[in-house]
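S.K.: sharing a sequence plus its predicted fold:
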Amino acid sequence: MNSLVATLNTYPKDDIFEPKYNNYAFSLYNTLTAGPVSWYLEAAYKTEDPINNPFGVIMRDTVAVVGDKFIQEPGSVLYSSISYAKSGLGITLEAKRTENFTFRTRPQAQLNQGFVNFLPPMARVNTYRLASRYNAATQELGELAFQADIRYLFNKDWTFNINVSNITNLDDELLYREVYTEIGYKYKREWSILGGVQFQNYNQEVYEFKPGVPNVQTVTPFAEFLYKFDRTKALRIEAQAMFTGEDKSVELGQDYGSWLFGLAEFSIAPHWTFTASDMYNVEAGRNSPVNENGEKLNIHYPRFDIYYTYRSNRFSLSYVKQVEGVVCAGGICRLEPAFSGVKMTVNSTF
């Protein structure tokens, strides 16, 4: 509290407030089921609480300074979903409105520190390397989000899925839009193939605090093939490509430009998994690295992993060269910085 008060005392008079030590929160929720239809509704509210606005504006000597600013506002979340499942068809529709629902143990906490609650993002959680590069993190200060997911099982061999999400802020500025489609075929228990394409529109200025850059627009086709040699041995192959729009201000691709990605994974149940992959920057973008002459570089980013699973423990040893962004490995996705070197990871479930 002393730190917060000291910061507030540097603000212009109109932006100063008396911070509260405590606040209160509650939620109400209900599920209604009628045959194949299920409707879920939840509302949450918290009383006034000091929160941090990373896009706040502070007037200092007649100059508007944009950045972290403490404010004190009540918060609310309204969420609803309705789903239908029958005869091989599954449909889920979701909507969420969030306003000033940053809820932490201390207002100075950043990123994943000090959360009292959790607000899940209203977008598909992708695991493919390129399809997961741009993710829509929940905007706690304000967002209006919608998502629709349709799945259809034609028969025991063919499946189809389409997922559409659209997220704006409360001023109707587009933050994220995704259209994801996939179709899969399974031949007995021997092999299966899955393919699809993803379209994204991603507001990098908001999600990654990169001012003045255009929304990243991507088209990402992908395919996956799985072959089972026997009950314990299997080979999985992935192939992906990402094509970005043009950043006209620099006449290059948006962000890091366009990519190709390939992966081969061989597993020996129940313990061992071996993977090798490469991600290649086929078309340079605004943020691609440069050489000593200032020329954009097209770089390979290889990765090799060995995983060993024993009961509830998973051990991995990896050689990694990766670009900044969201990285998915072993079913776990996280935002990571650019890195080149060796990693060892241990995950245990108690």
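M.R.: Happy to help now that I have it. Being a predicted model, the structure only gives us computed values, none of them experimental. Numbering: from 1, shown residues only.
S.K.: can you give me the buried ones in stretch 175-188?
M.R.: In terms of neighbour count (16 or more other CB atoms under 10 Å), stretch 175-188 has its buried residues at 175, 176, 177, 178, 179, 180, 182, 184. Any C-beta I mention is one placed from the backbone N, CA and C, and that applies to glycine too.
S.K.: now the last one. Nearest residue, chain neighbours left out?
M.R.: With CB to CB, 6 or more residues apart in numbering as the criterion, residue 184 has its nearest non-adjacent residue at 4.1 Å, and that residue is residue 194.
S.K.: the third one now?
M.R.: Across the structure, with CB to CB, 6+ apart as the measure, the residue nearest residue 177 apart from its sequence neighbours is residue 201 (4.3 Å).
S.K.: picking up where we left off before, which strands and helices lie in contact with the helix or strand where the residue nearest to residue 184 lies?
M.R.: Element membership of residue 194 [criterion: DSSP states H and E] is strand 191-202. Strand 191-202 is packed against strand 174-187, strand 216-228, with contacts defined by 3 or more CB pairs under 8 Å, 6 or more residues apart in numbering; DSSP states H and E.
S.K.: okay, these in TSV with distance to residue 253 and mean pLDDT next?
M.R.: Formatted as TSV, the entries for the helices and strands packed on strand 191-202 read as follows, by distance: least, CB to CB, whole Å; pLDDT from 0 to 100:
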stretch	distance to residue 253	mean pLDDT
strand 174-187	19	97
strand 216-228	9	97
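S.K.: reformat those strands as CSV; add distance to residue 254.
M.R.: Formatted as CSV, the entries for these read as follows, by distance: least, CB to CB, whole Å:
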stretch, distance to residue 254
strand 174-187, 15
strand 216-228, 5
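S.K.: among the buried residues of stretch 175-188, which one sits closest to residue 147?
M.R.: In terms of CB to CB, no member of the buried residues of stretch 175-188 lies closer to residue 147 than residue 178, at 8.9 Å.
S.K.: so the closest one bridges to which residues?
M.R.: residue 165, residue 200 (DSSP bridges).
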